[in-house]
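K.L.:
I would like to see how this sequence folds:
(one chain, ligands or ions: 1)
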Amino acid sequence: MTGALVEATGLSRSFGGGGLLRRPGVQALRGVDIAVARGEAVGVVGESGSGKSTLGRLLLGLLPPSAGTVRFDGQDLQSASRAEWRRLRRRMQIVFQDPFGSLDPRRRVGAQILDGIAIHGLLPAAKRARRLEELLRQVGLDPAQAGRFPHEFSGGQRQRIGIARALATGPEFLVADEPVSALDVSIQAQVMALLAELRRQLGLALLFISHDLPVVRQLCDRVAVLYLGRVMEEGPAELLFRAPAHPYTRALLSATPRLDPRQRPPRIPLLGEPPSPASPPSGCVFRTRCPHAAADCAAVVPVLQPFGESRRVACLRAAELA
Ligand SMILES: Nc1ncnc2c1ncn2[C@@H]1O[C@H](COP(=O)(O)OP(=O)(O)OP(=O)(O)O)[C@@H](O)[C@H]1O
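P.N.:
You can find the predicted model right below:
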């Protein structure tokens, strides 16, 4: 892909194996080609063990590949000198799945957020407090909380701290490795909305690793489907989810009933819109979220953007009543 910020070609990675008993190793990635353009969000989906996290780490240069190359802004990570590597490193960051595990419980969060800035010597000490304040505001936290320890925050707040820490060095590329899967369902949407907003504001390129296919569909421009370390299918998110070409992608989507095109209910009119003439779905799959659950409304579904303030809720019953 021309103009890609991050581009991997023929990426393979194996773990272990060999030794006296010549045990076979694990081939985590096999000849993966993938590219992420500036400002683009690429989703990586696949079942557990398919190589998603390994791919993320290889793209960040946190793991060396067994074969293949990774280029960041045209620079080959493998052949970068120490000084070049340091300069590249601050331009790419990661948000981990487990915000608690990725924070040091004995250090105040403000100091941890500023780690990257200190390591890379990015700002004079006098300006760091100001930057910290800005970062905390950016992720929706109160700057007055900078002196607290990780255990004094909720799970969602801790993930916001992890995001602030990743943003501190002003990266252009962010790998988000299952960033919300360790969070309460009610909090997941807020953190996803934050990521989407930050990506828009900062023009971040994003590699978004997730099991949650609906979220990937909402957030990502393109999606790569991994299976046993190989990319089975890759393409624009909307197209891939609407008309998956590969049988494995179809199987993956079928395992997520909400996304299987054959099982998806017809489009539900938004509040105030006249009900669709198409036959309404027979049951409310989101009944717990439905404000009219007691009534016989057919469905309330998040339409197009199922998170944060951009959530659009539709309800046949409400449309009839409006
Ligand atoms: N450091 C390691 N040492 C040995 N094997 C590893 C290592 N890291 C990953 N693997 C193996 O490589 C394969 C791919 O792992 P990876 O974590 O990339 O998958 P994943 O798709 O991210 O899985 P999950 O969704 O469960 O996180 C797995 O079989 C895993 O056991």
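K.L.:
in three-state terms, label the nearest residue to Asp142 once chain neighbours are set aside for me.
P.N.:
Distances taken as CB to CB, 6 or more residues apart in numbering place Leu136 nearest to Asp142, at 6.9 Å, with adjacent residues excluded. In this view, the C-beta of every residue, glycine as well, is placed from N, C-alpha and C. State at Leu136, reduced to three classes by DSSP: H, G, I helix; E, B strand; the rest coil: helix.
K.L.:
what's the answer for Asp98, then?
P.N.:
Going by three-state DSSP: Asp98 is coil.
K.L.:
give me the neighbour count for Gly203.
P.N.:
11 (other CB atoms under 10 Å).
K.L.:
same question, Leu183
P.N.:
Leu183, neighbours per other CB under 10 Å, totals 21.
K.L.:
so what's it up against?
P.N.:
Residues near Leu183 by CB atoms under 8 Å, 6 or more residues apart in numbering: 155-156, 159, 191.
K.L.:
and the helices in the stretch 51-200 of the chain?
P.N.:
Ranges of helices within the stretch 51-200 of the chain are 52-59, 82-89, 109-113, 115-119, 125-138, 155-167, 185-202, based on DSSP state H, counting those that start in this stretch.
K.L.:
now do the buried residues in the third one.
P.N.:
Think helix 109-113. 109-110, 112-113 (16 or more other CB atoms under 10 Å).
K.L.:
returning to that earlier point: and the residue nearest to Asp142, how far from the ligand?
P.N.:
Using CB to the nearest ligand atom, to the nearest Å, Leu136 is found at 29 Å from the ligand.
K.L.:
before we move on, what about Pro247?
P.N.:
19 Å.
K.L.:
what number of residues lie near that residue?
P.N.:
10.
K.L.:
likewise for Ile187?
P.N.:
17.
K.L.:
cool, and Pro236?
P.N.:
12.
K.L.:
about what we covered before: wait, which of the buried residues of helix 109-113 is closest to the ligand?
P.N.:
The closest of those to the ligand turns out to be Gln112 (CB to the nearest ligand atom; 23.9 Å).
K.L.:
list the contacts of that closest one.
P.N.:
Contacts of Gln112 by CB under 8 Å, 6+ apart are 103-104, 150, 161, 165.
K.L.:
filter those residues to the buried ones?
P.N.:
103, 150, 161, 165.
K.L.:
for the residues you listed, which one is nearest Glu84?
P.N.:
Arg165 (23.4 Å; CB to CB).
K.L.:
touching, the closest one and Ala118? I think so.
P.N.:
No. Counting by CB atoms under 8 Å, Arg165 does not reach Ala118; the two are 11.6 Å apart.
K.L.:
got CSV for the helices of the stretch 51-200 of the chain, with distance to Val95 and mean pLDDT too?
P.N.:
Shown next, in CSV, are the helices of the stretch 51-200 of the chain (distance: least, CB to CB, whole Å; pLDDT from 0 to 100):
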stretch, distance to Val95, mean pLDDT
helix 52-59, 10, 96
helix 82-89, 16, 89
helix 109-113, 13, 95
helix 115-119, 13, 91
helix 125-138, 13, 94
helix 155-167, 5, 94
helix 185-202, 8, 89
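K.L.:
and the strands in the stretch 1-150 of the chain?
P.N.:
4-15, 26-37, 41-45, 67-72, 75-76, 92-95 (DSSP state E, counting those that start in this stretch).
K.L.:
let me know which of those is tucked in deepest.
P.N.:
strand 41-45 (a mean of 26; mean count of other CB atoms under 10 Å).
K.L.:
what residues does the stretch 1-150 of the chain put near the ligand?
P.N.:
15-16, 26, 28, 46, 48-54 (CB under 6 Å from any ligand atom).
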